[in-house]
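[1] Okay, predicted coordinates and the sequence, questions at the end:
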Amino acid sequence: MAGDSVYRITEIIGTSKTSWEDAAKNAVETASKSLRDLRVAEIVKLDMVIEDGKVAAYRARVNLSFKYEADK
């Protein structure tokens, strides 16, 4: 069928000094520079880096799906 598609899921981790939202956004925007046809981003884990008792960075683990291109 012409409508069938195949997708790959890859896990990436984005970081930010300000928020988990920015960390996830950084992950997707950076990945989009080398991956084409991104479809869905699923946040699977949020955590923080602690230094000297303070939050130093927010981290977002993101599963990204993108479509495989068919041979032409």
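    Thanks, I have the structure now.

[2] Quick one: the strands in the chain, in order.
    7-16, 38-51, 54-67 (DSSP state E).

[3] Now tell me what touches the last one from outside.
    The contact list for strand 54-67, computed with CB atoms under 8 Å, 6 or more residues apart in numbering, reads 5-20, 22-24, 27-28, 31, 35-50. The way it works is simple: take the backbone N, C-alpha and C, and place the C-beta from them, glycine included.

[4] that older thread, and the strands of the chain as a markdown table, adding mean neighbour count and mean pLDDT?
    Shown next, in a markdown table, are those (neighbours: other CB atoms under 10 Å; pLDDT from 0 to 100):
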| stretch | mean neighbour count | mean pLDDT |
| --- | --- | --- |
| strand 7-16 | 14 | 94 |
| strand 38-51 | 12 | 95 |
| strand 54-67 | 16 | 95 |
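
[5] Nearest the geometric middle of this protein, what residue?
    Nearest to the mean C-alpha position of the chain, counting by CA atoms, centre = their mean, stands residue 62 at 3.9 Å.

[6] so who does the closest residue to that residue other than its chain neighbours touch?
    Among residues not flanking residue 62 along the chain, residue 27 sits closest, at 4.7 Å (CB to CB, 6 or more residues apart in numbering). By CB under 8 Å, 6+ apart, residue 27 lies in contact with 12-14, 41, 60, 62, 64.

[7] Pull the distance from stretch 62-72 to the chain's centre.
    Computed by CA atoms, centre = their mean, to the nearest Å, the chain-centroid distance of stretch 62-72 equals 14 Å.

[8] just stretch 19-38 next, same as before
    The answer for stretch 19-38 is 5 Å, by CA atoms, centre = their mean.

[9] Now do the buried residues in that stretch.
    20, 23-28, 31 (16 or more other CB atoms under 10 Å).

[10] Present these as JSON lines; the columns should include pLDDT and distance to residue 68.
    Output for the buried residues of stretch 19-38, formatted as JSON lines (pLDDT from 0 to 100; distance: CB to CB, whole Å):
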{"residue": "20", "pLDDT": "97", "distance to residue 68": "30"}
{"residue": "23", "pLDDT": "98", "distance to residue 68": "27"}
{"residue": "24", "pLDDT": "97", "distance to residue 68": "24"}
{"residue": "25", "pLDDT": "97", "distance to residue 68": "25"}
{"residue": "26", "pLDDT": "97", "distance to residue 68": "25"}
{"residue": "27", "pLDDT": "97", "distance to residue 68": "21"}
{"residue": "28", "pLDDT": "96", "distance to residue 68": "19"}
{"residue": "31", "pLDDT": "94", "distance to residue 68": "16"}
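
[11] Brilliant, that's me finished.
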